[in-house]
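# Below is the sequence, then the predicted model.
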Amino acid sequence: MQLERLTAEDLVSLGGSAAVGRHLRSLVPSGASVEAEVRQITERVRAEGDAAVLELTRQLDTGGAQPLPLLVAAPELDEAIKRLPLELVAGLQVAIANVAEVAQAGSVGDQVVALPQGQRVTVREVPVARAAVYVPGGRAPYPSTVVMGVVAARAAGVLDVAVCSPPRRDREIDAAILGTCRLCGVERVYRMGGAQAIAALAFGTETVQRVDVVVGPGNLYVQEAKRLLSATIGSEGYAGPSDLLVVLGAQAGAREVRLAALDLLAQGEHGEGSIVVGVACSARVGDELASTLQELARAAPRESGARFALVEASDQHQALAIANAFAPEHLQLIGAEVEALAPRATAAGCVFVGAGSATAFGDYVAGSNHILPTAGAARFGSGLSPHHFRRRVSEVQIDDQAAAKLAGAGVPIARAEGFEWHARSMEARMGDN
């Protein structure tokens with residue numbers, strides 16, 4: 001494995017924590033722009049519907065073989081769950097229950113605010129009518145993504161939730177994905193992926209029902225399609241290649257170092273485009289983490305394709321500043337002095353506190369959602385929750401007395417902005433007009 005190391009001297013030469021965060025991000029190239037190609041795909045799907053999706057699936061997913069119908073038949077979902085190992089079904093059921101409980105706890109509901117002038121504003125949370133979850137294909141099936149997306153949508157009150165996933169070369173979707181869809185109560189599963197899937201969900205086709213929101217991680221084409229179609233379909237934001245930053249305290253022992261190395265290698269399994277970073281709060285811990293990583297990596301069955309970096313911080317405060325500047329998808333804090341700083345970790349998709357809190361648990365069964373902002377988007381974005389499937393609608397009720405009071409404040413503002421009819425609209429409710 002290739003491991004980039006940054007010493008304390010390197011941090012000084014880079015010029016501070018913010019610069020270190022930018023440098024770490026630069027280790028993974030942003031990639032060539034695919035905007036023109038994705039725009040062409042989305043326009044083709046809008047114009048040709050099913051025919052375009054099927055032809056693109058033939059070209060990009062099934063190796064030239066004629067794809068199966070876009071919509072997976074209900075008996076196929078029933079058959080898929082029968083083929084799953086019992087221990088996998090049991091694990092998925094634990095994941096579904098835990099994610100559902102956390103999602104429900106985060107639901108706020110309607111709020112009514114009575115204001116001093118006498119008016120009342122009700123903020124209602126209204127679920128979207130239809131949503132879809134994009135489940136990546138590629139190197140492995142991701143049934144856990146079905147759980148994360150569908151359960152959050154259900155907790156929001158969305159009644160119609162679909163799933164799409166690209167078929168393999170044999171034209172099928174993996175049984176683990178289909179079986180999990182059945183466990184989550186999904187009735188519509190589409191054999192499609194890539195930018196063409198996002199476009200089909202945004203515009204609708206003869207087979208694919210148009211949805212209001214699509215969530216889920218995906219490659220550069222999927223994310224670009226979400227961006228291009230953001231005025232047509234909602235999404236949770238950028239969810240691209242994975243990243244992890246682990247902070248190890250200065251007093252970390254051999255067990256903590258080994259656990260951190262395992263966690264870094266685990267996140268590296270997500271492959272090309274991913275970046276995993278260890279931040280050690282002492283030179284000793286940094287040296288031990290580097291040697292442990294190299295030792296464990298030699299036993300790995302294959303090269304992951306992820307980028308690995310190791311940073312030597314002067315203390316836990318500098319380490320946390322680097323973490324906030326990097327804004328990781330996942331942040332792990334190991335060591336008493338580091339764990340105490342968890343409330344100050346303000347730019348991470350999810351924070352895992354303590355040696356027992358492996359990111360891998362969050363990927364599957366901890367109850368937190370694993371669809372998280374990547375590529376530094378944790379500075380302004382949040383992990384998937386029911387809020388991504390809801391709209392806030394404000395309902396305003398103003399009686400005559402309140403209107404008279406409010407007009408005195410509103411009319412000068414309207415005239416300052418040059419909107420005379422706004423001013424007269426409010427003046428007409430002052431009681432003497």
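Nice, thanks for sending it over. Numbers count the residues shown, from 1 in each chain.

# Quickly find the element holding residue 117.
Using DSSP states H and E, residue 117 falls within no helix or strand.

# meant to ask about residue 245, not that
According to DSSP H and E, residue 245 maps onto strand 243-248.

# for that strand, the distance to its chain's centre please.
Mean-position distance between strand 243-248 and its chain equals 18 Å (C-alpha atoms, centre = their mean, to the nearest Å).

# Now that strand - C-alpha only, PDB.
Written as PDB, here are the backbone C-alpha positions of strand 243-248 (Å, rounded to 0.1, in the frame of the first residue of the first chain):
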ATOM      1  CA  ASP A 243     -13.700   8.800   3.300                       C
ATOM      2  CA  LEU A 244     -12.600   8.300   6.900                       C
ATOM      3  CA  LEU A 245     -10.400  10.200   9.400                       C
ATOM      4  CA  VAL A 246      -9.300   8.500  12.600                       C
ATOM      5  CA  VAL A 247      -7.700  10.500  15.400                       C
ATOM      6  CA  LEU A 248      -5.500   8.500  17.800                       C
END
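
# Which secondary structure elements does that strand sit against?
helix 254-268, strand 275-280, helix 316-326, strand 330-334 (3 or more C-beta pairs under 8 Å, 6 or more residues apart in numbering; DSSP states H and E). Just so you know, the C-beta spots here come from the backbone N, C-alpha and C atoms, and that holds for glycine as well.

# do you know which of those lies nearest residue 416?
helix 316-326 (39.5 Å; C-beta to C-beta).

# Which parts of that closest one count as buried, going by neighbours?
Neighbour-count burial for helix 316-326 flags 316, 318, 319, 320, 321, 322, 323, 324, 325, 326 (criterion: 16 or more other C-beta atoms under 10 Å).

# What segments of the stretch 51-200 of the chain are helices?
74-82, 86-105, 143-156, 175-183, 194-203 (DSSP state H, counting those that start in this stretch).

# which one of those helices lies closest to residue 356?
Nearest of the helices of the stretch 51-200 of the chain (C-beta to C-beta): helix 86-105, 15.8 Å.

# How about residues contacting the closest one?
The contact list for helix 86-105 (C-beta atoms under 8 Å, 6 or more residues apart in numbering) reads 81, 143-144, 147-148, 151-152, 154-156, 176, 179-180, 183-184, 364-369, 385-386.

# sorry, back to before: to residue 169, which of the helices and strands packed on strand 243-248 lies closest?
helix 254-268 (25.5 Å).

# other SSEs contacting that closest one?
strand 243-248, strand 275-280, helix 283-298, strand 330-334, helix 359-364.

# what does the second one rub up against?
In other words, strand 275-280. 24-25, 27-28, 241, 243-248, 250, 252, 260-261, 264-265, 267-268, 286, 289, 293, 306-313, 319, 322-323, 326, 328.

# just the buried members of the residues you listed?
Neighbour-count burial (16+ other C-beta under 10 Å) applied to the contacts of strand 275-280 gives 24-25, 28, 241, 243-248, 250, 252, 260-261, 264-265, 267-268, 286, 289, 293, 306-313, 319, 322-323, 326, 328.

# Just put the helices and strands packed on helix 254-268 in a markdown table and tack on distance to residue 43 and mean pLDDT.
Below are those laid out as a markdown table (distance: least, C-beta to C-beta, whole Å; pLDDT from 0 to 100):
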| stretch | distance to residue 43 | mean pLDDT |
| --- | --- | --- |
| strand 243-248 | 32 | 97 |
| strand 275-280 | 33 | 96 |
| helix 283-298 | 44 | 94 |
| strand 330-334 | 36 | 98 |
| helix 359-364 | 36 | 97 |
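
# Domain boundaries for the protein, per the record?
3-28+241-366, 35-101+127-239, 398-433 (automatic domain parsing).

# As a markdown table, those with distance to residue 119 would be great.
Below are those laid out as a markdown table (distance: least, C-beta to C-beta, whole Å):
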| stretch | distance to residue 119 |
| --- | --- |
| domain 3-28+241-366 | 35 |
| domain 35-101+127-239 | 27 |
| domain 398-433 | 4 |
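
# wait, which of these is closest to residue 112?
domain 398-433 (14.2 Å).

# Give the buried residues for that closest one.
For domain 398-433, a neighbour-count test (16+ other C-beta under 10 Å) marks 398, 402, 403, 404, 405, 406, 407, 410, 411, 414, 423, 426 as buried.

# helix/strand/coil for the last one?
Just to be clear, that refers to residue 426. With DSSP: H, G, I helix; E, B strand; the rest coil as the basis, residue 426 sits in helix.

# who's in contact with the nearest residue to it once chain neighbours are set aside?
Distance criterion C-beta to C-beta, 6 or more residues apart in numbering; nearest residue to residue 426, sequence neighbours excluded, is residue 407 at 4.2 Å. Residue 407 makes contact with 426, 427, 429, 430 under the criterion C-beta under 8 Å, 6+ apart.

# The third one looks like it's in a helix, true?
No. Going by three-state DSSP, the assignment for residue 429 is coil, not a helix.

# In this structure it contacts residue 399, no?
No. Using C-beta atoms under 8 Å, residue 429 makes no contact with residue 399, being 10.1 Å away.

# Okay, the residue nearest to residue 234 when sequence neighbours are not counted and residue 127: tell me how far apart.
Nearest residue to residue 234, sequence neighbours excluded (C-beta to C-beta, 6+ apart): residue 213, at 4.1 Å. Taking C-beta to C-beta, to the nearest Å as the criterion, residue 213 is separated from residue 127 by 10 Å.

# just residue 119 next, same as before
Residue 119 sits 27 Å away from residue 127, going by C-beta to C-beta.

# Can you tell me how far residue 27 is from residue 187?
With C-beta to C-beta as the criterion, residue 27 and residue 187 are 43 Å apart.

# now the angle between strand 275-280 and the strand holding residue 245, please.
With axes from the mean of the first three to the mean of the last three C-alpha atoms, to 10 degrees as the basis, strand 243-248 and strand 275-280 are set at 10 degrees to each other.

# since we're on the residue lying closest to residue 232 once chain neighbours are set aside, how many residues are nearby?
Nearest residue to residue 232 in three dimensions, chain neighbours excluded: residue 202, at 4.6 Å (C-beta to C-beta, 6+ apart). Residue 202 has 26 neighbours, counted by other C-beta atoms under 10 Å.

# returning to what we had before: compare residue 119 and residue 127 (neighbour count), which wins?
residue 127 (20 against 17).
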